[in-house]
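1. Sequence isn't available, so here's the structure alone:
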């Protein structure tokens, strides 16, 4: 189950992103830098991601530039998953979900539901994992991104395997494989 994929190009920008983040540039540039730094660090340095996300969230709230707030909160949740702190992760995801819904950002809502599903999957709470993956799938269908729909079907298949619903798992895996 994947909750985040990062472009290799982003890693090459790490130093310049840090310069922007710690500069006196406008808040918008610094918030964008915080978001990109969190993308880099959520997996390989989650503690730093949490600190950076907190600063980015504070900047976004202070400047009333809240467009990236759901993504920052979501990445903070990813960092907590990678630290094994699933309760904190879920708290951040629910905050992110609330902000994304307020902003009518369906793409972010779909991603957050997916991440909630992954969070509960890691905790062996497969009923909740199924619930959130199904919600993610519904949003992804509305958005029409076939690659994301395929990922949702695959995640649902994995959950159904854990629930020992092998027939349903196979159906989801087949649906995932039919998408090109």
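-> Yep, that arrived. Quick caveat, the model's predicted, so the values are computed rather than measured.

2. Give the buried residues for the helix or strand that contains residue 170.
-> Secondary-structure assignment from DSSP states H and E places residue 170 in helix 166-178. For helix 166-178, the neighbour count (16 or more other C-beta atoms under 10 Å) marks 168, 169, 172, 173, 175, 176 as buried. Every residue, glycine included, has its C-beta placed from N, CA and C.

3. Kindly report the same for stretch 37-50.
-> The neighbour-count criterion (16+ other C-beta under 10 Å) identifies 37, 38, 39, 40, 41, 42, 43, 46, 49, 50 as the buried residues of stretch 37-50.

4. ok, now stretch 22-35?
-> Within stretch 22-35, the residues that count as buried by 16+ other C-beta under 10 Å are 30, 31, 32, 33, 34, 35.

5. Out of those residues, list just those in helices.
-> The helices in this structure, assigned by DSSP state H, contain 30, 31, 32, 33, 34, 35 from these.

6. Skip the chain neighbours and tell me the closest residue to the fifth one.
-> Think residue 34. residue 56 (2.9 Å; C-beta to C-beta, 6 or more residues apart in numbering).

7. what's the spacing between that neighbour and residue 72?
-> Going from residue 56 to residue 72 by C-beta to C-beta, to the nearest Å gives 5 Å.

8. Now do the shared contacts for the two.
-> When contacts are counted by C-beta atoms under 8 Å, 6 or more residues apart in numbering, residue 56 and residue 72 are jointly contacted by 31, 34, 35, 38.

9. any idea of the pLDDT on residue 12?
-> The model reports residue 12 with a pLDDT of 66.

10. Turn the buried residues of helix 166-178 into TSV, columns for distance to residue 115 and pLDDT.
-> Rendered in TSV, the data for these read as follows (distance: C-beta to C-beta, whole Å; pLDDT from 0 to 100):
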residue	distance to residue 115	pLDDT
168	22	98
169	21	98
172	18	98
173	21	97
175	21	97
176	18	96
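
11. That's all I had, so thanks and see you.
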